[in-house]
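Novice: Just a sequence and a predicted model for now, questions to come.
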Amino acid sequence: MHTTKNLTPYVKRVFNFIGINNFISVVAEGLATEDKMETSLANARGKLEKQAKFFYKSDKAFKENLSKIKLMKGYNMNIYNKKKVHFSIKALMLAISIACIPHNSNAMSEEAQEIKTTKKLLVVNASPSLENSHSRTLSHYFVSQLENHYPEQYRLVHRDLAKDPIPYIDDRSLEVILAGTATTLEARSLEIFSDTLIDEIDRSDAIIVATPMHNFTVPAPLKAYFDLVLRAGKTFKYTSSGPEGMLIDRPIMLIYASGGCYHGTTRDFLTPYVQEVFSFIGINNFTSVFAEGLAMHDKKETSLIKAKEELEGHVKTFHEAQKASL
């Protein structure tokens with residue numbers, strides 16, 4: 001899967017959205033393939049050398065004009081601040097691009113080897129509470145247990161739905177989900193973001209989803225997340241025998257916390273829903289651990305201790321069930 005196809009327009013669109021349109025990108029791809037790596041890096045360095053001259057002239061021209069602009073009546077400081085941030089970002093991006101390109105193939109080979117030997121663990125936290133969330137605490141605990149038992153074997157990818165809110169589908173972006181098209185700016189932005197979420201899942205070796213129970217089911221941000229992950233032609237397809245998941249199976253651990261006690265009852269819509277969502281896209285190795293009755297003083301402490309003990313018991317099986325890293 002070529003990530004640059006999605007990454008470049010996404011980054012460009014982000015900066016376009018805030019008024020920064022002078023966009024340059026330099027890509028070095030195929031770095032995991034020995035016969036392409038040297039050529040790709042050489043081409044990238046050549047492009048960077050050419051862009052450096054243009055980059056400098058663009059910055060210099062702006063600075064020369066800035067003194068004239070300041071003398072104009074009604075000069076808008078917001079424009080200056082925006083341009084100043086623009087060139088600061090450009091300088092930073094160029095510095096990062098140069099720093100990230102290794103100076104010899106051995107360095108890249110060692111880095112690629114390190115990536116191959118680690119497991120990519122996607123951790124999705126859905127609680128809107130950042131400081132007092134039991135589901136977050138339990139997910140952190142499970143991750144720490146994995147890292148303690150298997151040191152330096154995990155590379156974490158965090159998707160925090162409170163810190164990075166998921167956009168909700170509306171009339172201007174609905175086509176992405178219904179028809180698989182993107183003819184409006186809103187639809188294209190949503191499509192790119194959805195591709196990013198799907199790519200995180202597709203590239204993971206295992207997944208942890210931590211969430212509170214809100215009104216017997218998942219909170220709205222997690223539902224919005226699933227809306228962007230379940231896409232025909234991307235994560236599932238329609239066949240003559242019905243829908244079929246397109247993703248490779250891998251272990252998923254659902255960790256949820258609730259104030260009441262609903263697990264195993266007809267009021268628990270959360271567990272079967274999350275399990276069905278992942279099964280629908282091909283991920284069936286599903287395990288759930290819950291802490292319930294957390295709003296009840298006589299049950300809270302016991303429930304949290306029990307949940308941690310259950311998580312400890314799943315560490316080995318969860319680790320061993322993961323597919324080989326790409």
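Specialist: Thanks, I have it.

Novice: thought Met253 was touching Ser204?
Specialist: No - using CB atoms under 8 Å, Met253 makes no contact with Ser204, being 11.9 Å away. Every C-beta, even on glycine, is put in place using the N, C-alpha and C of the backbone.

Novice: who's in contact with Met218?
Specialist: For residue 218 the amino acid is Val, not Met. Neighbouring residues of Val218 by CB atoms under 8 Å, 6 or more residues apart in numbering: 126, 211, 226, 270, 273-274.

Novice: Show me where the stretch 151-300 of the chain has its helices.
Specialist: According to DSSP state H, counting those that start in this stretch, the stretch 151-300 of the chain carries its helices in the segments 175-178, 185-202, 220-229, 270-280, 297-320.

Novice: Redo these as a markdown table? Include distance to Tyr168, mean pLDDT and mean neighbour count.
Specialist: Shown next, in a markdown table, are the helices of the stretch 151-300 of the chain (distance: least, CB to CB, whole Å; pLDDT from 0 to 100; neighbours: other CB atoms under 10 Å):
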| stretch | distance to Tyr168 | mean pLDDT | mean neighbour count |
| --- | --- | --- | --- |
| helix 175-178 | 11 | 93 | 18 |
| helix 185-202 | 9 | 97 | 19 |
| helix 220-229 | 5 | 98 | 20 |
| helix 270-280 | 17 | 98 | 18 |
| helix 297-320 | 31 | 97 | 15 |
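
Novice: So which of those helices is nearest Phe23?
Specialist: helix 185-202 (14.7 Å; CB to CB).

Novice: Who are the packing partners of that closest one?
Specialist: helix 4-17, strand 154-160, helix 175-178, helix 220-229 (3 or more CB pairs under 8 Å, 6 or more residues apart in numbering; DSSP states H and E).

Novice: one more time with 6 Å
Specialist: helix 175-178, helix 220-229 (3 or more CB pairs under 6 Å, 6 or more residues apart in numbering; DSSP states H and E).

Novice: Quick one: closest of these to Ala28.
Specialist: Across the helices and strands packed on helix 185-202, closest to Ala28 is helix 220-229 (CB to CB), at 29.0 Å.

Novice: Could you work out the end-to-end span of stretch 150-164 for me?
Specialist: End-to-end distance for stretch 150-164, by CA to CA, to the nearest Å: 29 Å.

Novice: residues making contact with it?
Specialist: The contact list for stretch 150-164 (CB atoms under 6 Å, 6 or more residues apart in numbering) reads 118-126, 128, 130, 147, 200, 221, 319.

Novice: looking at those, which has the most residues close by?
Specialist: Neighbour tally across these (other CB atoms under 10 Å): the maximum, 27 neighbours, falls on Ala126.

Novice: JSON lines for the helices and strands packed on helix 185-202, including distance to Gly242?
Specialist: JSON lines is the format used below for these (distance: least, CB to CB, whole Å):
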{"stretch": "helix 175-178", "distance to Gly242": "19"}
{"stretch": "helix 220-229", "distance to Gly242": "19"}
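
Novice: quick revisit: and the helices of the stretch 151-300 of the chain: which comes nearest Glu49?
Specialist: Ranking the helices of the stretch 151-300 of the chain by distance to Glu49, with CB to CB as the measure, places helix 185-202 first at 29.7 Å.

Novice: List of residues touching that closest one?
Specialist: By CB under 6 Å, 6+ apart, helix 185-202 touches 6, 10, 122, 157, 172-173, 175-176, 182, 228-229, 234-235.

Novice: Ser288: which of the residues you listed is nearest?
Specialist: Proximity of these to Ser288 (CB to CB) peaks at Leu122, which lies at 16.5 Å.

Novice: you'd agree the closest one is in a helix?
Specialist: No - going by DSSP: H, G, I helix; E, B strand; the rest coil, the assignment for Leu122 is strand, not a helix.

Novice: where does this structure dip in pLDDT?
Specialist: Within the chain, the stretches with pLDDT under 70 are 1-19, 30-37, 52-116, 323-326.

Novice: Kindly recompute the last result at 90.
Specialist: 1-118, 322-326 (pLDDT under 90).

Novice: per the record, what domains does it have?
Specialist: Listed by automatic domain parsing, the domain ranges of the chain are 4-111, 117-320.

Novice: how long is the last one from one end to the other?
Specialist: With CA to CA as the measure, domain 117-320 spans 14 Å from end to end.

Novice: How far off centre is that domain?
Specialist: 12 Å (CA atoms, centre = their mean, to the nearest Å).

Novice: Would you mind telling me which of the helices of the stretch 151-300 of the chain is nearest Glu29?
Specialist: From the helices of the stretch 151-300 of the chain, taking CB to CB, the stretch that ends up closest is helix 185-202, at 15.0 Å.

Novice: Nothing else from me, thank you.
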